[in-house]
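K.L.:
Could you look at this predicted model? Sequence included:
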Amino acid sequence: EAQVTQNPRYLITVTGKKLTVTCSQNMNHEYMSWYRQDPGLGLRQIYYSMNVEVTDKGDVPEGYKVSRKEKRNFPLILESPSPNQTSLYFCASSSQAHSLGTGELFFGEGSRLTVL
Amino acid sequence: AQTVTQSQPEMSVQEAETVTLSCTYDTSENNYYLFWYKQPPSRQMILVIRQEAYKQQNATENRFSVNFQKAAKSFSLKISDSQLGDTAMYFCAFKPSYFGNEKLTFGTGTRLTIIP
């Protein structure tokens, strides 16, 4: 089954304690990205990757890091989480076909993160 | 930069009725794609419908159709014969069409409730 898998689905942590949200896709997609969803703000892009070892900032990258060492994985790292990073996070992936108007952007099931 | 505006934070309709969700966007691009995504209480992001800006014909998917007005930069979603399973948050999203740009810009969402 084609899917994007995120872990953990839920996490409560404290300010300053480093954490990683993993994301893995099994569709051999080139493109992966991270979004955060906040009430009244919709989804905003944090970082994206066009392929292995190619990453770039989205609209709200402050406080986050990413890496793309393998095509299937795109972890999101919060080096020193703060309460304003409490949010619902989504990982997404797509093939090059999505750029050309076909294909689809596949989303993970979301990770609810609370920073106290 | 593109912006997407959804001016209806919440809507509710009776089951079997027709409802229209509004979306406007601002862009200087001439070629792009527009999407409606559905997010039920499960949080999963589900693609409802897609429209290519170069196509004049409005996209339809079963009970879902769009009214795409390119000059007015308007992209509304019509749900006919609404069902309880249509209860969800709906997001309008924009993507430029040129290859290599995979970023979706989302609106703030409309929470739709179908009343039995």
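P.N.:
That came through fine. Numbering: from 1, shown residues only, chains lettered A, B, ... in the order given.

K.L.:
check contacts around residue 94.
P.N.:
Just so you know, I chose chain A. The contact partners of residue A:94, by Cβ atoms under 8 Å, 6 or more residues apart in numbering or on different chains, come to A:29-31, A:103-106, B:102. (C-beta placed from N, C-alpha, C; glycine too.)

K.L.:
that's the other chain; I wanted chain B
P.N.:
With Cβ under 8 Å, 6+ apart, residue B:94 has these contacts: B:2, B:4, B:25, B:27, B:32-35, B:104-105.

K.L.:
tell me which element it falls in.
P.N.:
strand B:88-96 (DSSP states H and E).

K.L.:
Just the CA trace of that strand, in PDB.
P.N.:
Taking Å, rounded to 0.1, in the frame of the first residue of the first chain, the C-alpha atoms of strand B:88-96 are listed here in PDB:
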ATOM      1  CA  ALA B  88     -14.700  18.000   7.500                       C
ATOM      2  CA  MET B  89     -12.300  20.900   7.200                       C
ATOM      3  CA  TYR B  90     -11.800  21.900   3.600                       C
ATOM      4  CA  PHE B  91      -8.700  23.600   2.400                       C
ATOM      5  CA  CYS B  92      -8.200  25.400  -0.900                       C
ATOM      6  CA  ALA B  93      -4.600  25.300  -2.200                       C
ATOM      7  CA  PHE B  94      -2.600  26.800  -5.000                       C
ATOM      8  CA  LYS B  95       0.500  25.500  -6.800                       C
ATOM      9  CA  PRO B  96       2.500  27.100  -9.600                       C
END
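
K.L.:
Need the three-state assignment for residue A:71.
P.N.:
coil (DSSP: H, G, I helix; E, B strand; the rest coil).

K.L.:
how about the strands in chain A?
P.N.:
Using DSSP state E, the strands found in chain A span residues A:4-7, A:10-13, A:19-25, A:31-38, A:42-51, A:54-57, A:65-66, A:76-78, A:87-94, A:106-107, A:111-115.

K.L.:
JSON lines please, covering these and showing mean pLDDT.
P.N.:
Formatted as JSON lines, the strands of chain A follow (pLDDT from 0 to 100):
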{"stretch": "strand A:4-7", "mean pLDDT": "97"}
{"stretch": "strand A:10-13", "mean pLDDT": "96"}
{"stretch": "strand A:19-25", "mean pLDDT": "97"}
{"stretch": "strand A:31-38", "mean pLDDT": "95"}
{"stretch": "strand A:42-51", "mean pLDDT": "93"}
{"stretch": "strand A:54-57", "mean pLDDT": "92"}
{"stretch": "strand A:65-66", "mean pLDDT": "98"}
{"stretch": "strand A:76-78", "mean pLDDT": "98"}
{"stretch": "strand A:87-94", "mean pLDDT": "95"}
{"stretch": "strand A:106-107", "mean pLDDT": "92"}
{"stretch": "strand A:111-115", "mean pLDDT": "97"}
